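Chemist: After the sequence you'll find the predicted model.
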Amino acid sequence: MKLERKAYKQFRNEIAKIVNEFDLLNLMDEDIPEDEYDDLINPLISGLLKDEGGSQLEERLVRVLTEHYGVEPMPGYENDDIHDLVDKSINIRKYFERK
């Protein structure tokens, strides 16, 4: 998916908004910088722009959570929040594709 500069900014803002709303690590209640989740937002956006599917996007997020934030998912554990976040992100991508 290709986006013009203005559309890309809007797209990024929408993705950042939902990543912060999901607050996968419960950080938003603390006194942290607003860009704390940029390490999740940027790879998610990259995958969305490459038209990756849900499972690929979920793998991206789990990898970042593991490698950057040090969160180890339990074997066989499905994180409903990650799944829901990816679903909403894909819906945002679909919206911008139709624009």
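Modeler: Noted; the coordinates are in hand. Numbering: from 1, shown residues only.

Chemist: where are the low-confidence patches of the chain?
Modeler: Counting by pLDDT under 70, the ranges of the chain that qualify are 73-78.

Chemist: swap the cut-off to 90 and go again
Modeler: 1-2, 23-36, 68-81, 99 (pLDDT under 90).

Chemist: Any chance you could list what contacts the helix or strand hosting N13?
Modeler: Per DSSP states H and E: N13 is located in helix 5-22. The contact list for helix 5-22, computed with CB atoms under 8 Å, 6 or more residues apart in numbering, reads 3, 28, 34, 37-38, 40-41, 44-45, 48, 81, 84-85, 88-89, 92-93, 96, 99. C-beta coordinates here come from the backbone N, C-alpha and C atoms, glycine included.

Chemist: can you give me the helices for this structure?
Modeler: In the chain, the segments counted as helices under DSSP state H are 5-22, 38-49, 54-67, 80-98.

Chemist: Of these, flag the one that's most buried.
Modeler: helix 38-49 (a mean of 18; mean count of other CB atoms under 10 Å).

Chemist: outside of it, which residues touch it?
Modeler: Here helix 38-49 makes contact (CB under 8 Å, 6+ apart) with 1-3, 11-12, 15-16, 19, 24, 56-57, 60-61, 63-65, 68-69, 86, 89-90, 92-93.

Chemist: Just want the angle from it to helix 5-22.
Modeler: 130 degrees (axes from the mean of the first three to the mean of the last three CA atoms, to 10 degrees).

Chemist: sorry, back to before: between the helix holding N13 and helix 54-67, how many degrees?
Modeler: Using the same axes, to 10 degrees: helix 5-22 against helix 54-67 is 70 degrees.

Chemist: Now helix 5-22 - C-alpha only, PDB.
Modeler: Below are the C-alpha coordinates for helix 5-22, written out as PDB (Å, rounded to 0.1, in the frame of the first residue of the first chain):
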ATOM      1  CA  ARG A   5       2.600  12.100   2.900                       C
ATOM      2  CA  LYS A   6      -0.500  13.600   4.400                       C
ATOM      3  CA  ALA A   7      -2.400  10.300   4.300                       C
ATOM      4  CA  TYR A   8       0.600   8.500   5.800                       C
ATOM      5  CA  LYS A   9       0.700  10.900   8.800                       C
ATOM      6  CA  GLN A  10      -3.000  10.300   9.300                       C
ATOM      7  CA  PHE A  11      -2.500   6.600   9.000                       C
ATOM      8  CA  ARG A  12       0.400   6.600  11.500                       C
ATOM      9  CA  ASN A  13      -1.600   8.700  13.900                       C
ATOM     10  CA  GLU A  14      -4.500   6.300  13.800                       C
ATOM     11  CA  ILE A  15      -2.300   3.300  14.400                       C
ATOM     12  CA  ALA A  16      -0.400   5.000  17.200                       C
ATOM     13  CA  LYS A  17      -3.700   5.900  18.800                       C
ATOM     14  CA  ILE A  18      -4.900   2.300  19.000                       C
ATOM     15  CA  VAL A  19      -1.600   0.900  20.000                       C
ATOM     16  CA  ASN A  20      -1.600   3.400  22.900                       C
ATOM     17  CA  GLU A  21      -5.200   2.600  23.700                       C
ATOM     18  CA  PHE A  22      -4.500  -1.200  23.900                       C
END
